[in-house]
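Participant: Prediction below, plus the sequence it came from.
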Amino acid sequence: MPTITDAWAEKLLADQHLGDAAHDREVIETLRALLKRRISPQQAAASLAAAYDPLIRSGETSTANLWAIYCAAIAALGHDQSNLDLLVQTLLCVGRLPDVVDDDGRLVVTENGSVFWCEVPGFPFWLSQGSLPRQRTKSTASLNAAAFGSQYLRALDDRDRDHGPRTAMLALAHATLADALGRGDFDPAESDAWESARASLPLAATWILTAGRSIYRAARDGWPDGSGGRDNVDQLPWKH
């Protein structure tokens, strides 16, 4: 009997952008198998990498569709905590995979120098697209993205600091808190500012409840370069 996971997978397979290429169809089927408990997070991570490794080795380092599909799974199916756990564990496993090298044994990196797969290039950007609410219809997807991001950050901070985009997750947490609690230029007279803060408060609460210790450590010890916190935290009224 078809499940909600099957419905999600079939919808993406029919998408002319995300379901067209063979490697992207493999990603969709891998996530379907993962979320139907047919394969483990370790197996799913290996399958995701296998779908993209040949392209990456050939110099095509864009993983936009890979992470668009992954974040679509988070948005649509992440309301189920067991699904969320599997998706977090799979991404942790991706970050532990061997570095990708070309035929000459040279490390393959993105244009900005990110390493496959330990830095999970491209994923933070795609998660950020769903984690900050821009319209009310995205509220559930945004909550799912915040739940994923905060759980992923906590796991990275506790066990996998060297395998994953910890700094980028801290940046996303910082941006969410700033949107919810106000920046130095926050004008309460502006209705848009109130709407943004109101939409962001549940997301900020999710980050604090799940990854509060990680956020506290960053604020106490100094935000990593690139997280946004080191440069901008002095502008936040809730710093102290």
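Facilitator: On my side now, so go ahead. Predicted model only: the values in this text are computed from it and were never measured.

Participant: Check the secondary structure at Gly105 for me.
Facilitator: The three-state assignment at Gly105 reads coil, by DSSP: H, G, I helix; E, B strand; the rest coil.

Participant: So which residue is smack in the middle of this protein?
Facilitator: Leu127 (3.8 Å; CA atoms, centre = their mean).

Participant: Work out for me the element that residue sits within.
Facilitator: helix 123-131 (DSSP states H and E).

Participant: Touching that helix from outside, list them.
Facilitator: Helix 123-131 has contacts (CB atoms under 8 Å, 6 or more residues apart in numbering) with 63-64, 67-68, 70-71, 74-75, 91, 138, 141-142, 144-146, 148-149, 165, 168-169, 171-172, 175-176, 203. Any C-beta I mention is one placed from the backbone N, CA and C, and that applies to glycine too.

Participant: Could you list the buried residues of that helix?
Facilitator: For helix 123-131, a neighbour-count test (16 or more other CB atoms under 10 Å) marks Phe123, Pro124, Trp126, Leu127, Ser128, Gln129, Gly130, Ser131 as buried.

Participant: From those residues, pick the one nearest Arg25.
Facilitator: Using CB to CB, the shortest approach to Arg25 within the buried residues of helix 123-131 belongs to Trp126, at 18.4 Å.

Participant: Can you check the pLDDT for the closest one?
Facilitator: The score at Trp126 is 95. That number is its pLDDT.

Participant: Check the gap between it and Arg159 for me.
Facilitator: Trp126 is 23 Å from Arg159, where distance means CB to CB, to the nearest Å.

Participant: Ok, Ser62 next?
Facilitator: 29 Å.

Participant: okay, those two: which has more neighbours?
Facilitator: Taking other CB atoms under 10 Å, Ser62 and Arg159 do not tie; Ser62 has more neighbours (14 against 11).

Participant: Show the contacting residues for the more buried one.
Facilitator: Neighbouring residues of Ser62 by CB under 8 Å, 6+ apart: Gly122.

Participant: so it, which of the three states?
Facilitator: Following three-state DSSP, the label given to Ser62 is coil.

Participant: Pull out the buried residues from the contacts of helix 123-131.
Facilitator: By neighbour count, with 16+ other CB under 10 Å, these hold 63, 67-68, 70-71, 74-75, 91, 138, 141-142, 144-146, 148-149, 165, 168-169, 171-172, 175-176, 203 as buried.

Participant: Could you pick out the longest helix of the chain?
Facilitator: As assigned by DSSP state H, the longest helix anywhere in the chain is helix 191-221.

Participant: Going by contacts, tell me the helices and strands next to that helix.
Facilitator: For helix 191-221, the packing partners by 3 or more CB pairs under 8 Å, 6 or more residues apart in numbering; DSSP states H and E come out as helix 139-159, helix 166-181.

Participant: Nearest to Pro224, out of those?
Facilitator: Across those, closest to Pro224 is helix 166-181 (CB to CB), at 4.4 Å.

Participant: Thanks a lot, catch you later.
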